[in-house]
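K.L.:
Let me see the structure of the following:
(one chain, ligands or ions: 1)
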Amino acid sequence: MGGSKKGRRHKTVYPDEGKRRCSNCTRVLPIEEFYARNKRPEEGHSSWCRECVIARMRKNRLKKRLAEGREKLVEWIGELKRELKEAKQILEEHDSGG
Ligand SMILES: [Zn+2]
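P.N.:
Alright, predicted model coming up:
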């Protein structure tokens with residue numbers, strides 16, 4: 001009976017302790033950038049970073065809007081443009097006013 005060495009199991013290589021690679025954008029990010037349920041590497045099939053998850057959710061929401069009707073999406077784009085313009089204005093005011 002020789003003491004067979006334990007360990008040396010095949011393991012996926014992870015970038016660094018406390019870091020993970022997003023399987024969507026392939027960036028290596030700190031584990032905090034991933035949602036808690038994806039923290040364990042063993043369950044990492046859908047190890048998307050927060051940003052990617054949010055982006056996907058946003059996209060899905062837009063697709064839903066489009067499914068409701070093209071005009072709705074176009075209308076909403078108009079709203080966003082207005083909002084963006086206002087946001088820029090506020091920023092400019094803020095920057096110039098101190
Ligand atoms: Zn990502």
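K.L.:
Quick check: which ranges of this protein have low pLDDT?
P.N.:
Across the chain, the ranges flagged by pLDDT under 70 are 1-15, 36-46, 98.
K.L.:
need the contact list for residue 16.
P.N.:
residue 28 (CB atoms under 8 Å, 6 or more residues apart in numbering). Bear in mind the C-beta positions are built from the backbone N, C-alpha and C, glycine included.
K.L.:
backbone phi and psi for residue 27, please?
P.N.:
Backbone torsions for residue 27, taken as degrees, to the nearest 10, come to phi -80, psi 150.
K.L.:
Residue 20 is in contact with that one, correct?
P.N.:
No. With contact defined as CB atoms under 8 Å, residue 27 does not reach residue 20; the gap is 9.5 Å.
K.L.:
list residues touching both of the two?
P.N.:
residue 49.
K.L.:
Comparing these two, which residue is more hemmed in?
P.N.:
The neighbour comparison of residue 27 against residue 20 (other CB atoms under 10 Å) goes to residue 20, with 23 against 13.
K.L.:
May I have the beta-bridge partners of that one?
P.N.:
residue 29 (DSSP bridges).
K.L.:
Contact residues of the chain facing the ion?
P.N.:
Applying CB under 5 Å from the ion, one finds that the chain approaches the ion through 22, 24, 25, 49, 52.
K.L.:
out of those, which are inside helices?
P.N.:
Residues of the residues of the chain next to the ion located in helices (DSSP state H): residue 52.
K.L.:
so which of the residues of the chain next to the ion is the most crowded?
P.N.:
The residues of the chain next to the ion, ranked by neighbours (other CB under 10 Å): first place residue 49, 25 neighbours.
K.L.:
give the contact list for that one.
P.N.:
20, 22, 24, 25, 27, 29, 33, 34.
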